[in-house]
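K.L.:
3D model of this:
(chains A and B)
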Amino acid sequence: MSRTDYPCARVLIAGATAALKARTDEVNRLNVFPVPDGDTGTNMSLTCESVVADVTKLGDDASLTEVCRAATHGSLMGARGNSGVILSQIVRGCCEGLTGDAAAAADTATERVALALEQAKVVAWQAVRKPVEGTILTVISDMAGCAREQADAGADVLVALESIAAAAHASVRRTPELMPLLKEAGVVDAGGFGLAILFDAFVALLSGREVADIPDFTPVTELTVVPVDDWDDDEYLYCTEFLLFGDGIDKETVHDYIAARGGSELVVGDAGQYKVHVHTDNPAEILTYALSLGEIAEVHVHNMRRQQAERPGEHPGARAGAAGTAAASAPAKAVGVVAVASGSGLATILTSLGVDVVVTGGQTMNPSTEDLVRAAETVNADAVILLPNNKNIVMAAQAAADALDKPAQVVATRSVPEAFSALLNYDPESDDLDGMADEMRDAAGEVRTGEITTAIKDSKGNVGTIKEGDTIGIVDGKEIEAVGKNVGDVACDLLQVLDAADAETLTLLAGEDYTDRALKALVKRIEKQWPNLEIDAQRGEQPLYPLILAVE
Amino acid sequence: MGKGIAIITDGGSDLGPADAARLGVHVLPVRMVFPDGTETDSNRFSSGDFWERLLADYTNLPKTAQPTPFDFQAEFQRFADDGYDGVIAITMSNGLSGTFDTAVVAAQDAPLPVRVINSRAVSWPLSFLAAELVKAADAGLNLDQLVDFHRVLRESMEIYFVVDTLEYLVRGGRAGRAQAAIATALDIKPILELQHDGVIEVAKKCRGRKKAFAKLATIAAGDAQSARAEGLDEYRYMVLNTDETEPALELERACLDAGFTGQRLGLYQVGIVVGIYCGPGTSAFIYYRLPEYDDFRCTSGSTDAG
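P.N.:
I've put the predicted structure just below:
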């Protein structure tokens, strides 16, 4: 076994977490271009803290396998935001790599590190449906690549780890070269930076150098996050994994065969020994094919829909979540709804539309997977629909849906107004969860949202130079399409961008700092300019965004 | 042979004396009592009067009273005295009013054969169901055949309406499951449907009136298109307004623009019985297909005096 056993692992994980936490603000600041856009540093820190909590619960005699299981569980349950969820997959991959057959068979610690990081890379890439280079995925790939080189060269494990840490930092610097969006903005990827900090601290603790010695990473100019929110919601039922032994097996041929019959396909290994992983509806077909090629072993077929429910200890403990009103006392219904929003007005409207639990959160405070799981568990319904209402929360919602032991569907709403329209198609007594979720998605897709906030630093965007303090308008949670000096002007500019002349309904949601008087004046102004629009002005009381508007 | 079959409906039909005479339908007028105790009925207090007063002062509206079995008995006696052979009493939906039960009670001691039909409709759709029964009776259908005729006719009839606010429906206790839609803080304009079973249900929830009209138009146009594809007869349609005609005409334009086709029966104003529940700003779109009279002549072994 590795000498990276439990007491040591706990200290290392806690230490690395502390190091990341100390630099959370730095990562957050880099990530808020030019609006408070999520909080990568906070999300990653919280994800790590959940790992620390679970690992700490173990007794002193815990095995590596137990530590790894706790870390995997803790990271999944604590995962917040895109970066947090991907990080949880990296943790999972590392644990799988460390406890896998190959690691057991490996004769050096460096080889085990390489196996861990390679598996982390594989799992992380699998987690994202449309992976994008120039993100945390690139960084873990480069780390895995470096680890493999070190292992193959027979390097000492500490030397290898330092090299990998250096490779991580180099990779972060390289991210703008890989993603035009980053380069245009002159920034690097914040999630990748967070991973580099974590790993560097881990290595520093292990090698005995001071954590403070971590090379100071100064971003080129400023950092932004380009969300990668295509969490792989698998349409296949069975996760099928096995080892395949045989001479003359062509990995690519095997890969192509299973890719045509499933998803998340993966064929790793070499020299006549392979690990095959595929999500499929027909495991028998895959296994029959494998038997025609050679011998198989370690066959694992998991029903992915049931898997989470069967795994012992999978449910979160007593950790406090951000879940709002409990709904357990509500009458039972076929389908319940959990939605994310911040602002008392938004919560009231969502509740009036049938939402059972509103989890507090949004752009600057992404609820964790566990928060969503706990909220969904309080809903007295046979199935649950999750409305993330922010694209940075979509992945956590998907992870929560996967972790729930009842049917759940994520309707990937990017804004609260999208949730409003989706909810008009919600029937609590529906017996067709999937069909209803599709209808809700269609309805949400008819909505276009504009969000108005204040730029917190200078930057450049599609609309030219943005100065700190400018009022900016963001369309569909993506692009800044309007800049001005006041909410009214930016709102009218956004309405032009959103083709309000062709729309029928306009929803205005006043934030906590936007007065009724200003709202009334704005309604009058819009009525004059767009007489055909039916305006529904409401108080959302959301923070940071004086106004959210939506047309359909 | 006497004078044939009399068709009588209740005040829920919104038929004034002139329209009733034109369509050949008898109407049991709605009795009303004002807050100050003075009484009137739907022959003297028109739909127009009602809307004018509702908009001026909601609190000074007359209360409507259901007819009593005695009212029906008096009518049945009169039909017998006038030499009719039988009566169809077609009442507003049993899901909205107890008039049907009243008529059933009255029919038990009637001096001539009476069939009581739960129209599963109200307002002008009820009027036109009654008017179609008059024509079908004129074409020679007997009492039981007319009951079957109504069933098929009503099955083909779609009644959709869009209210400006659900407030009136809820206040009147007539929202049924539509009540759930009212609780929303948003400006939701539900498309309500008076279903074939005579119960009001939310067909679709929409943001704003225009969205609701557009959606209703899509539904109506889709029905018309399927009917054309199946080679069925053209729909007959009517549009209903409440206090103003413009929203209803806008709804009609939306339906026609969306591809709805049919024979226009007219634009009619909803009266007090329904108006008190749907409130101002309501518009309705109704369409149906007339069944073939011949399809009913050999059905139902009838033994009545038709």
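
K.L.:
three-state assignment of residue B:124?
P.N.:
Under DSSP: H, G, I helix; E, B strand; the rest coil, the three-state class of residue B:124 is helix.

K.L.:
which residues touch stretch A:478-496?
P.N.:
A:34, A:450, A:452, A:455, A:461-464, A:466, A:470-475, A:497, A:506, A:508, A:514, A:518, A:521-522, A:525-526, A:529-530, A:546-547, A:549, A:551 (Cβ atoms under 8 Å, 6 or more residues apart in numbering or on different chains). Every residue, glycine included, has its C-beta placed from N, CA and C.

K.L.:
out of the residues you listed, list just those in helices.
P.N.:
Secondary structure defined by DSSP state H assigns A:497, A:518, A:521, A:522, A:525, A:526, A:529 of the contacts of stretch A:478-496 to helices.

K.L.:
drop anything exposed from those residues.
P.N.:
For these, a neighbour count by 16 or more other Cβ atoms under 10 Å in any protein chain shown gives the buried set as A:497, A:518, A:522, A:526.

K.L.:
can you name the residues of the stretch 101-250 of chain B that neighbour chain A?
P.N.:
Residues of the stretch 101-250 of chain B lying near chain A by Cβ under 8 Å from any Cβ of the partner chain: B:180, B:183-188, B:204-211, B:214.

K.L.:
now with 7 Å, please.
P.N.:
Contact residues (Cβ under 7 Å from any Cβ of the partner chain) of the stretch 101-250 of chain B with chain A: B:183, B:184, B:185, B:186, B:187, B:205, B:206, B:207, B:208, B:209, B:210, B:211.

K.L.:
before we move on, the earlier item: ChimeraX command for the buried members of the contacts of stretch A:478-496?
P.N.:
The buried subset of the contacts of stretch A:478-496, as determined by 16+ other Cβ under 10 Å, is captured in ChimeraX by this line:
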select /A:34,450,452,455,461,463,466,470,471,472,473,474,475,497,506,508,514,518,522,526,530,546,547,549,551
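
K.L.:
identify the farthest-apart pair in the residues of the stretch 101-250 of chain B next to chain A.
P.N.:
By the measure Cβ to Cβ, B:183 and B:210 form the most distant pair in these, at 22.8 Å.

K.L.:
what about these two, which has more around it?
P.N.:
residue B:210 (18 against 13; other Cβ atoms under 10 Å in any protein chain shown).

K.L.:
what packs against the helix or strand harbouring the more buried one?
P.N.:
Remark: residue B:210 resides in helix B:209-229, with elements defined by DSSP states H and E. Taking 3 or more Cβ pairs under 7 Å, 6 or more residues apart in numbering or on different chains; DSSP states H and E as the contact definition, the neighbouring helices and strands of helix B:209-229 are strand B:158-162, strand B:188-194, strand B:200-207, helix B:246-257, strand B:283-288.

K.L.:
out of the ones you listed, flag the one nearest residue A:237.
P.N.:
Using Cβ to Cβ as the criterion, the shortest distance between residue A:237 and those is 33.6 Å, found for strand B:200-207.

K.L.:
okay, the closest one in PDB with CA atoms only?
P.N.:
In PDB, the C-alpha atoms belonging to strand B:200-207 read as follows (Å, rounded to 0.1, in the frame of the first residue of the first chain):
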ATOM      1  CA  ILE B 200     -64.500  24.800 -15.700                       C
ATOM      2  CA  GLU B 201     -60.900  23.900 -16.000                       C
ATOM      3  CA  VAL B 202     -57.700  25.700 -16.800                       C
ATOM      4  CA  ALA B 203     -56.700  24.700 -20.300                       C
ATOM      5  CA  LYS B 204     -53.500  26.700 -20.400                       C
ATOM      6  CA  LYS B 205     -51.800  29.300 -18.300                       C
ATOM      7  CA  CYS B 206     -50.300  32.300 -20.200                       C
ATOM      8  CA  ARG B 207     -48.400  35.400 -19.400                       C
END
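
K.L.:
list the buried ones in that strand?
P.N.:
By neighbour count, and taking 16+ other Cβ under 10 Å as the criterion, the buried residues in strand B:200-207 are B:200, B:202, B:203, B:204, B:205, B:206, B:207.

K.L.:
so what's residue A:142 up against?
P.N.:
Residues in contact with residue A:142, defined by Cβ atoms under 7 Å, 6 or more residues apart in numbering or on different chains, are A:167, A:168, A:171.

K.L.:
repeat that with 10 Å
P.N.:
Neighbour list for residue A:142: A:117, A:121, A:164, A:167, A:168, A:169, A:170, A:171, A:172, A:174, A:192, A:196 [criterion: Cβ atoms under 10 Å, 6 or more residues apart in numbering or on different chains].

K.L.:
now the buried members of the residues you listed.
P.N.:
In the contacts of residue A:142, burial by neighbour count holds for A:117, A:121, A:164, A:167, A:168, A:169, A:171, A:172, A:174, A:192, A:196, counting by 16+ other Cβ under 10 Å.

K.L.:
tell me the SS of the last one?
P.N.:
Per three-state DSSP, the secondary structure class of residue A:196 is helix.

K.L.:
isn't it up against residue A:136?
P.N.:
Yes - between residue A:196 and residue A:136 there is a contact at 9.3 Å, judged by Cβ atoms under 10 Å.

K.L.:
who's in contact with residue B:83?
P.N.:
Listed by Cβ under 10 Å, 6+ apart, the contact set of residue B:83 reads B:1, B:2, B:3, B:4, B:112.

K.L.:
how close does residue B:36 sit to residue B:63?
P.N.:
Counting by Cβ to Cβ, to the nearest Å, the gap between residue B:36 and residue B:63 amounts to 12 Å.

K.L.:
meant to ask about residue A:26
P.N.:
The span separating residue A:26 from residue B:63 equals 72 Å under the rule Cβ to Cβ.

K.L.:
how about low-confidence regions in chain B?
P.N.:
Filtered on pLDDT under 70, chain B yields the residue ranges B:1, B:170-184, B:299-306.

K.L.:
quick one: the helices in it?
P.N.:
When secondary structure is read from DSSP H, chain B shows helices at B:17-23, B:47-56, B:69-81, B:99-108, B:123-138, B:143-156, B:167-171, B:179-182, B:209-229, B:246-257, B:272-278, B:294-297.

K.L.:
quick check: residues of the stretch 201-350 of chain A near chain B?
P.N.:
Contacts of the stretch 201-350 of chain A with chain B, taken as Cβ under 10 Å from any Cβ of the partner chain, map to A:345, A:346, A:348, A:349, A:350.

K.L.:
near the third one, how many other residues are there?
P.N.:
As a burial measure, residue A:348 scores 18 neighbours (other Cβ under 10 Å).
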